[in-house]
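> Give me a model of this one.
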Amino acid sequence: MLLSDLHTHTTFSHGKGSPQDNVLAALRLGLKQVAICEHASAHAFYGVRGARLAQLKAEVDALKLKYAGQIDVLFGLECNLTGFGKSDVPADPEFCDVLALGFHKGSVAANWSGVRLALQVMGIGRNPTYNADAIAACARKTRLTFISHPSLYIPMDIAVLAEMSAELGVHLEINGSRVTLTERELRLAKSMGATFIINSDAHSPQRVGDVERAVRAAREADVLDRVVNYSA
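Numbering: from 1, shown residues only. Okay, here's the model as predicted:
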């Protein structure tokens, strides 16, 4: 049974429903927690910033109060890897309840190392170890909750991420929209002490909690016992 869905999007970025729509969907499913986890500022197309970010935060905070006692509503940001050890994670770690970090097409590079990452989307200079080290360097600087869809746009060395997960308690996401970790990678990460989180990455209220693909992948790799938000 899924206990929480900490990766959902709304019309504040490129989703189709409101924050309240996602909360109501999670309530109907009996989830204990749901997070509105929009793209952070460095995403050129979908990043939420400035006055719109303040509006989003205010809406989610109001929903926390409105549905207190029924479901925990959390405010999150899906942050962008913008260079080696560089990201758009807010300077104040208390600003968010949930902090995800991943590489996204469309994120603005912070420096040459960010350009090096972006070029790999086109297949130029792919380097999984460098990419995973770049994520791990960010994780060691701040408080992260999970790494979103590892290896989706550029390849990641899962052993490096697993070591970071075991060391820092940062979960590796098994994404319900697109499972990006192979069975071999899931088994390897588990053997190294990593923990996992299953999320929907919903872009509409109808997809909140839709994690069948992710649960199936976790079960086939025998890692469900390491998924922090799932109970058999």
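
> Show me what F75 is bridged to.
Here F75 shows beta-bridge partners I36, assigned using DSSP bridges.

> Extract the CA atoms of stretch 97-113 and return them as CSV.
Output in CSV follows, covering the C-alpha atoms of stretch 97-113 (Å, rounded to 0.1, in the frame of the first residue of the first chain):
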residue,chain,number,x,y,z
ASP,A,97,9.1,20.3,3.4
VAL,A,98,10.3,18.1,0.5
LEU,A,99,13.4,18.8,-1.7
ALA,A,100,13.9,16.6,-4.8
LEU,A,101,16.9,17.0,-7.1
GLY,A,102,17.4,15.8,-10.6
PHE,A,103,18.7,16.7,-14.0
HIS,A,104,16.1,18.1,-16.5
LYS,A,105,16.2,19.2,-20.1
GLY,A,106,15.5,22.9,-20.1
SER,A,107,17.4,23.8,-16.9
VAL,A,108,19.8,26.7,-17.2
ALA,A,109,23.4,25.8,-16.8
ALA,A,110,25.2,27.6,-13.9
ASN,A,111,28.7,27.2,-15.5
TRP,A,112,30.7,25.2,-17.9
SER,A,113,30.1,22.0,-15.9
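
> Tell me the gap between it and the middle of its chain.
On the basis of C-alpha atoms, centre = their mean, to the nearest Å, the separation between the geometric centre of stretch 97-113 and that of its chain is 11 Å.

> Mean confidence (pLDDT) on it, please.
Per-residue pLDDT values over stretch 97-113 give a mean of 97.
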